[in-house]
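Trainee: Dropping a prediction and its sequence here:
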Amino acid sequence: EADMGWAIGKKKTFYVGKRAVEIQNDRGETRKLVGFTLANDQDPCPKECHLVIRDGDIVGRVTSAVLSPTLKKIIGLAYVGADQAEVGERFQIKIEGGRMIEAVVSPMPFYDPDNQRQSPLQGERAPAEVDKT
């Protein structure tokens, strides 16, 4: 569900949780951990354990959410139905008071692996390199 299969030593004959992993693999993927942003920037930040709802049924939950100072929007992680996990898919989160807000599956990771946000803006000069000789 969390795409962490790489962390399991499959060549080991025994490890804690092996039976649970086997049962999960036999059952198939029913939900998946995804990154999300809110469709409406005016909606409040969902809290941990707020429910992901589809057609009136609980299909998952929010694991975390926060206002990103870098991205200037709310980002979070949530379990959703396996068929809702594609980037761009929309899903509903039930927050306090029973209010429903819409979230959008976002590509992960949220951080900037190529450091493009750290590059100088177009039209600005890059700082002079320091001579370390």
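Mentor: Nice, thanks for sending it over.

Trainee: Every contact and neighbour count from this point should use C-alpha atoms.
Mentor: OK.

Trainee: Quickly list what the residue most central in space within the chain is bridged to.
Mentor: Nearest to the geometric centre of the chain sits Gly35, at 1.8 Å (CA atoms, centre = their mean). Here Gly35 sits in beta bridges with Leu77, Ser106, as judged by DSSP bridges.

Trainee: What of Arg90?
Mentor: Val104.

Trainee: Pull the contacting residues for it.
Mentor: Listed by CA atoms under 8 Å, 6 or more residues apart in numbering, the contact set of Arg90 reads 84, 102-105.

Trainee: was I right about Gly35 contacting Ile74?
Mentor: No - Gly35 lies out of contact with Ile74 (CA atoms under 8 Å); the separation is 10.7 Å.

Trainee: list the contacts for Ile58?
Mentor: Contacts of Ile58 by CA under 8 Å, 6+ apart are 51-52.

Trainee: again, only using 10 Å
Mentor: Residues in contact with Ile58 (CA atoms under 10 Å, 6 or more residues apart in numbering) are 51-52, 80-81, 93-94.

Trainee: thinking again about what came up before, of the contacts of Arg90, select the buried ones using a PyMOL command.
Mentor: In PyMOL, this line selects whichever of the contacts of Arg90 come out buried by 16 or more other CA atoms under 10 Å:
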select buried, resi 84+102+103+104+105
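
Trainee: Redo the contacts of Arg90 as TSV? Include distance to Val16.
Mentor: Formatted as TSV, the contacts of Arg90 follow (distance: CA to CA, whole Å):
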residue	distance to Val16
Gln84	30
Glu102	38
Ala103	35
Val104	35
Val105	32
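
Trainee: Tell me which two of the contacts of Arg90 sit farthest apart.
Mentor: Gln84 and Glu102 (12.9 Å; CA to CA).

Trainee: Any chance you could list residues touching both of these two?
Mentor: In contact with both Gln84 and Glu102: 90-91, using CA under 10 Å, 6+ apart.

Trainee: and Val87, which of the three is it?
Mentor: The three-state label given to Val87 by DSSP: H, G, I helix; E, B strand; the rest coil is coil.
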